[in-house]
Structure formats: structure tokens, C-alpha cells
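Visitor: Provided below for reference: sequence and predicted model.
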Amino acid sequence: MSEDTRQRIIEAGAELIHLQGFSATGLKEILDLAGVPKGSFYHYFKSKEAFGLAVVEHFAARFGILFKQIADDESLSPLTRLNTFLAAVEERFEQEGCRKGCPIGNLAQEMGGLSDPFRLQLQQVIDRLAANFASLIRMGQEQGEARADLDPLETAYFMIAGWHGALIRMKVIRSTEPLKLCHRFFDEMLRVR
């Protein structure tokens, strides 16, 4: 069995799960979309939950790549990098018609209270994102761009929580306006005035 086949299963599952949720997505749907015979699934994953954990990492890797591309751009100030990342994510949500939301946030709402392995995996992903945000905030403080009185990690967790709340509203009204409002408040909160 090839790594390519495993990756096709993860990508097909990620697409379906992002659209309709983990519980509502059946293995047959995933395998049909991936073009893989039904019996192949258990060669790659010991259970649907193990598959779901691989999908969480798939989503985290996609966001990680986008974040790294932007965060490594030293031609931008730290807060401009953070704003550029948020704007890039807003644009993706808009391209999807504001229907899907954040795959990590969606899974946290659906599975975080049902499965300890999911909860722990999602917590690790959110912790990594918070650490990335905090790093840019800290750099902004060192350069005199961000307020020195804010704890970078606490601020990062606050931003992630606020962003997920804005995503819920985005899905309800089918507009990125809640994200733009949240984004504007974050920038005003962070910047030295």
C-alpha cells in the first residue's frame, strides 16, 4: 500500500469532514471520493478515530504552511505578518462562501467533548497556533510596535477564542464581516498608540 493512497484518503476525508462534520461523514463516502477500495481503509488506519486524528494533523499542516510562509517574510513588521495571515484566512473563507468555517474549530465543537484523543490532538494544534501568534506579538513588542503590557501567549489565546466566535457568526450570516470586525479589534488592541 502506498503513502500516496493514504494521503488521497486523508484529503478526501478532510474535504468531506470540513463540509459536513466528522460524525456525518461515512467511510464509504470517503473511499468513493478517494477512488480507493473499501477494504483498503484499515490497512492505513486502525479505526475511524485514528483516521480523524490524521485529518486533524492534515488541517494543522495546511494552516502551518500558510502561517510559516507569511511569518517568515521579514520585509513585513511582526503585526503586519499577523494581519496578513488573518486576511489570507479570511479570503479563503470568503472563497468557500463562508459555509465551512475553520476545520479545527468545527472539530473542536463536534468532537472535543466526545473523544479524549480528539480533544488532546485539537488542544495541541490550538496550542501550536497560539505559540505562533505569541511569537509575532512578542517580536512586535521587542520592536516597539505592539503594546508591552500584554502577555503574548494570553493575548494569542484570546485572539483564537474571539476568532472562533466570529467564525460561528460568519457561517450564520454567510459573510466575512464578523472576521473583519474581529480582525480590526485585534489590531487596535495590539498596537502601540
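Guide: In hand now; what should we look at?

Visitor: going forward, measure contacts between C-alpha atoms and count neighbours the same way
Guide: Noted.

Visitor: domain map for the chain?
Guide: 1-45, 48-190 (automatic domain parsing).

Visitor: where are the low-confidence patches of this protein?
Guide: Applying pLDDT under 70 to the chain flags the ranges 1.

Visitor: from residue 136, how far off is the spatially most central residue of it?
Guide: Centroid-nearest residue in the chain: residue 104, 4.8 Å away (criterion: CA atoms, centre = their mean). Distance of residue 104 to residue 136, computed by CA to CA, to the nearest Å: 21 Å.

Visitor: and residue 125, what does it touch?
Guide: Contacts of residue 125 were listed using CA atoms under 8 Å, 6 or more residues apart in numbering, and they are 57, 60.

Visitor: thinking again about what came up before, so what touches the helix or strand where the residue nearest to the centre of the chain lies?
Guide: Under the criterion of DSSP states H and E, residue 104 resides in helix 103-111. Helix 103-111 is contacted from outside by 17-18, 21-22, 56, 59-60, 118-119, 122, 164, using CA under 8 Å, 6+ apart.

Visitor: run the last query once more with 10 Å
Guide: With contacts defined as CA atoms under 10 Å, 6 or more residues apart in numbering, helix 103-111 is touched by 14-15, 17-23, 52, 55-57, 59-60, 63, 100, 102, 112, 114, 117-123, 125-126, 160-161, 163-165, 167-168.

Visitor: ChimeraX command to pick out the buried ones of these?
Guide: Here is the ChimeraX command that picks out the buried ones among the contacts of helix 103-111, judged by 16 or more other CA atoms under 10 Å:
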select :14,15,17,18,19,21,22,52,55,56,57,59,60,63,100,102,112,118,119,121,122,125,126,160,163,164,167,168
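
Visitor: in strands only, show me the contacts of helix 103-111.
Guide: Judged by DSSP state E, the subset of those located in strands is empty.

Visitor: hmm, back to that, for the domains of the chain, which one ends up most surrounded?
Guide: Comparing the domains of the chain by mean neighbour count (mean count of other CA atoms under 10 Å), domain 48-190 comes out on top with a mean of 17.

Visitor: let's see the distance spanning that one from one end to the other.
Guide: 41 Å.

Visitor: now do stretch 26-45
Guide: OK, stretch 26-45 end separation, CA to CA: 14 Å.

Visitor: got it, and stretch 13-32?
Guide: Using CA to CA, the two ends of stretch 13-32 sit 10 Å apart.

Visitor: quick one: it to chain centroid distance?
Guide: On the basis of CA atoms, centre = their mean, to the nearest Å, stretch 13-32 sits 17 Å off its chain's mean C-alpha point.

Visitor: and if you look at stretch 59-76?
Guide: For stretch 59-76, the distance to the chain centre is 12 Å (CA atoms, centre = their mean).

Visitor: tell me which element the closest residue to residue 54 other than its chain neighbours falls in.
Guide: Nearest non-adjacent residue to residue 54, counting by CA to CA, 6 or more residues apart in numbering: residue 10, 7.1 Å away. Using DSSP H and E, residue 10 falls within helix 3-20.
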